[in-house]
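Student: Could you look at this predicted model? Sequence included:
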Amino acid sequence: MDLRNNTQSLKRKLDWTEEDEVEEVTTKPRRLDLPTDISNRIHLLKSSFSSSCSDRSSANCALFVLSEFAKDEDIVDVIVNCGAVPVLVEILETAGDCDADSYKYDMEKDCAFILGLLAVKPEYQRLIVDAGALSYLVELLKRPKSPVISQALFSGLLRRAADAITSLAHENTNIKTLVRLDGGIPPLVELLEFNDTKVQRAAAGALRTLAFQNAENKNQIIECNALPTLVLMLGSADASIHYEAVGVIGNLVHSSPEIKREVLLAGALQPVICLLSSCCLESRREAALLIGQFATTDSDCKIHIAQRGAINPLIEMLKSSDLQLREMSTFALGRLAQDSHNQAGIAYNGGIEPLLDLLDTKNGSVQHNAAFALYGLADNEDNVAVIIKAGGFQKLHDGHFNAQPTQECVTKTLKRLEEKMQGRVLKHMLYLMRTGEKDLQIRVALALAHLCSPDDRKTIFIDNNGLELLLNLLQSTNPKQKGDASAALHTMAMKDMCSSIVDPAPTSPTPQVYLGEQYVNNPKLSDVTFIVEGKSFYAHRVCLLSSSDTFRAMFDGGYREKEAKNIEIPNIKWDVFELMMRYIYTGAVDIDLDLAPDLLKAADQYLLDGLKSLCEYAISEDISVENVSQMYVMSDTFNATSLRYACILFVLEQFDNLSTKPWYRRFLHCIVPDIHKFFSTLLTHPHLANLCRRADP
């Protein structure tokens, strides 16, 4: 996530400028002769130095052409393969031994420039260093100005040397260390105060690279007293100066708590906060990232950052079209939001809505940073209402978060909102649900269905009309609203319920007499015979009398079956009747799914509540998208309340799969009254939750 190691910021391919005092070459070699031409230029440079104007002109021309070609990365390989590196290093060595004049300085400057361009390719960094270039580049940084050369030429030499070191050390830990060992850091720190801003910028760029992920280099930069100058550079009117300065400081404090404290003591905080409003996009990015790093120091620092005006510009950055700016600002706000003193301030200044919007971004870092910031903000009770009013619950609940850490963060945020949903927070939510505009009422009702405690459901959804809001939404013509309502109602129904919507083994309110398996259809001691499909089934009145009101009425009432020995049983298949009797005799039975509907009918007819529940349980396990409407009709036909509730919960849970069916809309309209009755019963009589238990999908 750290932008400070970005190639664009650390490897600068600088354009040739007028101050470089190199005569423009109007005729360039044809690309077809490129290797030959480059070899010829390099061969010319191998010649001994001469004071003649023609030799100097030829050498200058050769270096200029090589520098122009080196700006093209596609030609860099050709230049290196033609042997340019040792020749350029040799010129640095030879020029340094000669008497100082502008020609020699020009040669050194041009060689440093070309070497820096060649080092843009990481594979050539070590080659250049092994050729001995680094020590000569460091010596150039230390060289005092000669009175015989112009200030512009001297400045150009220093700048090219610093830039070359930047490119050589980029993402190369060993070369960063070699620069320090060769004594390159002290002169770079001194050049931060050079009277040419371009040299200052180049020196800062080199220090920025050297400080990145290199603890020893960081410590030496601090020991060389670079901080006071860097802090002053933060306030420069030159954007290129404060951009490099904030980059150096950012790399110094990265993963270095002690240096971070030194930087803060040096007075860097306020200038960095000011850079959040800079016209320089790069400086704003770096400043936001640095604020995020400062905010990890301690709680006091988080408070100071907010007090000194960082929150507003950071929130404005959230709305930027620049992806990296959004990433850095969410990073900073995420850390600031972990402090209780800042949470209300971020919300008050309008930070919640743009953070919620960023949950929809495709960029994983921005999404995670935004989620982390919202996690912190959700810890403040006053922010809960703001989050929900802004549609935050739906964003968090329905969002697509690919990274596992982001998913975990969102889960924790939802849990935090759930924990806050009590006391004055809940009262606030109820007030909004009663008095807010319709859209707000709906958002609150949806959120409360997921977040409220089971103990508060009656207050919310019965006493404050939340159930009506959800049921109305369930009948909306908007598929998204219907889906949200279905999910909310399903979640609410499942809270604090046990493993199944139907209890497969309810306790019978009537004492049972179970004669046991051995007496099923056994003529021994039988005192009544049933005729089913023309076959005799032997039974015992004592067992039947205790099993159901229907049999008690049959044998104790004024019906003709009371004294009959053979009783005709119409409309029941033998297999079904046998299963029913087996249940009566044993209290248990294995239900074949194919026979379950007929057995349910028989259990309903003979008022065998236990068997009826077993049948409902078996049938509910087989509910599917294709048969739920038929199952619902069956539950209505046989007054199978548990099966009806299982169908209702299935419909609510499977909205996505059911909503595409052509019959769904009409079917849903028909069952809404039963859905209302189900939830009214459940919410009004909490003790019934144990009788209406959820079925795992």
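Tutor: Arrived safely.
Student: CA atoms for contacts and neighbours, from now on please.
Tutor: Noted.
Student: low-scoring stretches of the protein, by residue?
Tutor: 1-32, 48-51, 95-100, 496-513, 557-564, 686-697 (pLDDT under 70).
Student: so where do the strands sit in it?
Tutor: With DSSP state E as the definition, the chain shows strands at residue ranges 528-532, 535-539, 566-568.
Student: What strands flank the shortest one, and is each parallel or antiparallel?
Tutor: Each strand paired with strand 566-568, and its direction, by DSSP bridges: strand 528-532 (parallel).
Student: Tell me where the stretch 401-550 of the chain has helices.
Tutor: Under the criterion DSSP state H, counting those that start in this stretch, the stretch 401-550 of the chain carries helices at the ranges 404-420, 423-435, 438-451, 457, 466-474, 479-494, 541-545, 549-556.
Student: The third one versus helix 479-494: what angle between them?
Tutor: Okay, so that is helix 438-451. For helix 438-451 against helix 479-494, the angle between stretch directions is 40 degrees (axes from the mean of the first three to the mean of the last three Cα atoms, to 10 degrees).
Student: on that earlier part again, okay, the strands of the chain in CSV with mean neighbour count next?
Tutor: As requested, those are arranged in CSV below (neighbours: other Cα atoms under 10 Å):
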stretch, mean neighbour count
strand 528-532, 19
strand 535-539, 18
strand 566-568, 16
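Student: buried set for stretch 647-665?
Tutor: Applying a neighbour-count criterion of 16 or more other Cα atoms under 10 Å, one finds Cys647, Ile648, Leu649, Phe650, Val651, Leu652, Glu653, Gln654, Phe655, Leu658, Ser659 buried in stretch 647-665.
Student: and if you look at stretch 340-352?
Tutor: Applying a neighbour-count criterion of 16+ other Cα under 10 Å, one finds Ser340, His341, Asn342, Gln343, Ala344, Gly345, Ile346, Ala347, Gly351, Ile352 buried in stretch 340-352.
Student: Enumerate every residue touching the last one.
Tutor: In other words, Ile352. When the contact criterion is Cα atoms under 8 Å, 6 or more residues apart in numbering, the partners of Ile352 are Ile346, Leu374, Val386, Ile387, Ala390.
Student: Which one of the residues you listed is nearest to Ile249?
Tutor: The shortest approach to Ile249 among the contacts of Ile352 belongs to Ile346, at 25.9 Å (Cα to Cα).
Student: show me what contacts the residue nearest to the closest one when sequence neighbours are not counted?
Tutor: Ranked by Cα to Cα, 6 or more residues apart in numbering and with sequence neighbours excluded, the top spatial neighbour of Ile346 is Ile311, at 6.5 Å. Contacts were defined as Cα under 8 Å, 6+ apart; by that measure Ile311 touches Ile305, Leu333, Gly345, Ile346, Asn349.
Student: do the same with Asp604
Tutor: By Cα under 8 Å, 6+ apart, the residues touching Asp604 are Lys612, Phe638, Asn639.
Student: would you list those residues in JSON lines and tack on neighbour count?
Tutor: As requested, the contacts of Asp604 are exported to JSON lines (neighbours: other Cα under 10 Å):
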{"residue": "Lys612", "neighbour count": "27"}
{"residue": "Phe638", "neighbour count": "17"}
{"residue": "Asn639", "neighbour count": "15"}
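Student: Just give me the neighbour total for the nearest residue to Phe331 once chain neighbours are set aside.
Tutor: Counting by Cα to Cα, 6+ apart, Asn369 is the residue found nearest to Phe331 once chain neighbours are left out, at 5.3 Å. Neighbour count for Asn369, taken as other Cα atoms under 10 Å: 26.
Student: For Asn369, give its distance to Cys409.
Tutor: Between Asn369 and Cys409 the computed distance is 10 Å (Cα to Cα, to the nearest Å).
Student: Also Thr229?
Tutor: Distance check for Thr229 against Cys409: by Cα to Cα, it reads 40 Å.
Student: Tell me which of the buried residues of stretch 340-352 fall in helices.
Tutor: Of the buried residues of stretch 340-352, the ones assigned to helices by DSSP state H are Ser340, His341, Asn342, Gln343, Ala344, Gly345, Ile346, Ala347, Ile352.
Student: ok, those vs Val138, which is closest?
Tutor: Taking Cα to Cα as the measure, Val138 lies nearest Asn342 of these, at 46.8 Å.
Student: which residues touch that closest one?
Tutor: By Cα under 8 Å, 6+ apart, Asn342 lies in contact with Lys302, Ile303, Ala306, Leu336.
Student: before we move on, what about Glu653?
Tutor: With Cα under 8 Å, 6+ apart, Glu653 has these contacts: Ser486, Ala487, His490.
Student: One more pass at 10 Å, please.
Tutor: Gly483, Ser486, Ala487, Ala488, Leu489, His490, Thr491, Cys647, Pro697 (Cα atoms under 10 Å, 6 or more residues apart in numbering).
Student: what do you get for Met631?
Tutor: With contacts defined as Cα under 10 Å, 6+ apart, Met631 is in contact with Pro597, Glu616, Ile619, Ser620, Asp622, Ile623, Ser624, Thr637, Leu643, Arg644, Ala646, Cys647.
Student: can you redo these as a markdown table with distance to Phe294?
Tutor: As requested, the contacts of Met631 are exported to a markdown table (distance: Cα to Cα, whole Å):
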| residue | distance to Phe294 |
| --- | --- |
| Pro597 | 69 |
| Glu616 | 62 |
| Ile619 | 62 |
| Ser620 | 58 |
| Asp622 | 59 |
| Ile623 | 57 |
| Ser624 | 56 |
| Thr637 | 69 |
| Leu643 | 60 |
| Arg644 | 59 |
| Ala646 | 55 |
| Cys647 | 56 |
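Student: now for the residues you listed, which pair is the farthest apart?
Tutor: The distance between the two most remote of the contacts of Met631 (Cα to Cα) is 18.9 Å, for Ser624 and Thr637.
Student: higher neighbour count, those two?
Tutor: In this comparison of Ser624 against Thr637, neighbours counted by other Cα under 10 Å, the higher total goes to Ser624 at 17 against 11.
Student: Does the more buried one touch Val651 like I think?
Tutor: Yes - counting by Cα atoms under 10 Å, a contact exists between Ser624 and Val651, whose distance comes to 9.5 Å.
Student: Now list whatever residues contact both of the two.
Tutor: Common neighbours of Ser624 and Val651, using Cα under 10 Å, 6+ apart, are Leu658.
Student: how about the nearest residue to Arg582, chain neighbours excluded?
Tutor: The shortest distance from Arg582 to any non-neighbouring residue, by Cα to Cα, 6+ apart, is to Val520 (6.2 Å).
Student: phi, psi of the one you found?
Tutor: Dihedral angles of Val520 (phi, psi; degrees, to the nearest 10) stand at phi -70, psi 120.
Student: That one reaches Leu544, doesn't it?
Tutor: No - under the criterion of Cα under 10 Å, Val520 is not in contact with Leu544, lying 11.7 Å apart.
Student: ok, back up a step: pipe the ones in helices among the buried residues of stretch 340-352 into CSV and attach distance to Ala268 per row.
Tutor: Putting these into CSV (distance: Cα to Cα, whole Å) gives the following:
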residue, distance to Ala268
Ser340, 24
His341, 22
Asn342, 21
Gln343, 24
Ala344, 26
Gly345, 23
Ile346, 23
Ala347, 26
Ile352, 28
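Student: Looking at these, spot the one nearest Lys260.
Tutor: Relative to Lys260, the closest of these is Asn342; by Cα to Cα it sits at 20.9 Å.
Student: quick one: the closest one from Asp300, how far?
Tutor: 11 Å.
Student: And for Pro523?
Tutor: Distance of Pro523 to Asp300, computed by Cα to Cα: 90 Å.
Student: Please apply the same query to Lys601.
Tutor: 72 Å.
Student: quick one: which of the two has more around it?
Tutor: Comparing Lys601 with Asp300 by other Cα under 10 Å, the one with more neighbours is Lys601, at 21 against 11.
Student: In contact with the closest residue to the more buried one other than its chain neighbours, which residues are there?
Tutor: Counting by Cα to Cα, 6+ apart, Lys601 lies nearest to Phe638, which is 6.3 Å off, once chain neighbours are set aside. Remark: with contacts taken as Cα under 10 Å, 6+ apart, Phe638 is in contact with Pro597, Leu600, Lys601, Ala602, Ala603, Asp604, Gln605, Lys612.
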